[in-house]
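Chemist: give me a 3D structure for the following:
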Amino acid sequence: MKQFTAEELAAFDGKEGRRSYVAYKGVVYDVTDSAMWGEGDHEGMHSAGADMTAEHEDAPHDVYVTDFTEVGRLA
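Modeler: Numbers count the residues shown, from 1 in each chain. Take a look at the predicted model:
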């Protein structure tokens, strides 16, 4: 699996046709095809290209991010 630095992950922000990746607990997931992550935005509260681990503590839902395809690890 690919190792992503925070800077590399940030490039996958879902903008201008780029794929949307997020990290959670050290694993990087591809959320591009999720209707909940349109153009790299999740409910106007979160942006793709970032580590969502700390932010997920306040999420009003379960850990659905783990339902997506793993594409790598956050270095």
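Chemist: longest strand in the protein, by residue count?
Modeler: Longest strand in the chain, counting residues (DSSP state E): strand 69-74.
Chemist: mean confidence for it?
Modeler: Averaged over strand 69-74, pLDDT sits at 97.
Chemist: contacts for it, please.
Modeler: Strand 69-74 is contacted from outside by 1-6, 9, 21, 23, 26-30, 51, using C-beta atoms under 8 Å, 6 or more residues apart in numbering. (C-beta placed from N, C-alpha, C; glycine too.)
Chemist: residues contacting L9?
Modeler: So L9 contacts 21, 23, 28, 49-51, 74 (C-beta under 8 Å, 6+ apart).
Chemist: can we see that at 7 Å?
Modeler: By C-beta atoms under 7 Å, 6 or more residues apart in numbering, L9 lies in contact with 21, 23, 28, 49-50, 74.
Chemist: that's a helix at it, yeah?
Modeler: Yes - assessed by DSSP: H, G, I helix; E, B strand; the rest coil, L9 belongs to a helix.
Chemist: which one (most neighbours) among the contacts of strand 69-74?
Modeler: Highest neighbour count within these: Y21, with 28 neighbours (other C-beta atoms under 10 Å).
Chemist: quick one: the helices in the chain, in order.
Modeler: For the chain, the helices defined by DSSP state H cover 6-10, 53-56.
Chemist: among the contacts of L9, which two are most distant?
Modeler: Spatially, the most separated pair among those is G49 and L74, at 11.6 Å (C-beta to C-beta).
Chemist: could you find the closest non-adjacent residue to V28?
Modeler: Nearest residue to V28, sequence neighbours excluded (C-beta to C-beta, 6 or more residues apart in numbering): G72, at 4.3 Å.
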